[in-house]
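Engineer: Dropping the sequence and predicted coords here.
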Amino acid sequence: ELRRADAALAGGEARLAAIIASATDAIVTVDAEQRIVLMNAAAEALFGWTIAELRDAPLDRLIPPAYRQAHRGHVAAFG
């Protein structure tokens, strides 16, 4: 049962990774502290940074300075 669950989880993770990788829209995921965890190729092309350069960086780095404070307010209100 555990092996079957592990295989199902691995299959789901592989499908999700393939979807994210092939998406033409930019996808960026963050952790609870708003630090970048993942970016797909479309996000790298849009922002001009690679995930290797931005992993663990604050999401604010991708937000224009004029909008950063408003973004922080939205995150605080949402969270």
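Structural biologist: All right, it came through fine.
Engineer: I'd like to know the average pLDDT value across stretch 40-55.
Structural biologist: For stretch 40-55, mean pLDDT rounds to 97.
Engineer: Which parts of it count as buried, going by neighbours?
Structural biologist: Using 16 or more other C-beta atoms under 10 Å as the test for burial, stretch 40-55 gives 40-44, 49, 51, 54. For every residue, glycine as well, the C-beta is placed using N, CA and C.
Engineer: ok, and what's touching it?
Structural biologist: Contact partners of stretch 40-55, identified using C-beta atoms under 8 Å, 6 or more residues apart in numbering, comprise 20-21, 23-28, 36-39, 61-62.
Engineer: Now, those residues that are in strands?
Structural biologist: 28, 36-39 (DSSP state E).
Engineer: and those residues, which are buried?
Structural biologist: Using 16+ other C-beta under 10 Å as the burial test, the ones in strands among the contacts of stretch 40-55 include 28, 36, 39 as buried.
Engineer: one step back: kindly reformat the buried residues of stretch 40-55 as CSV containing distance to residue 6 and secondary structure.
Structural biologist: Below are those laid out as CSV (distance: C-beta to C-beta, whole Å; DSSP: H, G, I helix; E, B strand; the rest coil):
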residue, distance to residue 6, secondary structure
40, 25, coil
41, 28, helix
42, 30, helix
43, 30, helix
44, 31, helix
49, 34, coil
51, 26, helix
54, 31, helix
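Engineer: Tell me the buried residues in the helix or strand hosting residue 74?
Structural biologist: Here residue 74, judged by DSSP states H and E, is contained in helix 65-78. For helix 65-78, the neighbour count (16+ other C-beta under 10 Å) marks no residue as buried.
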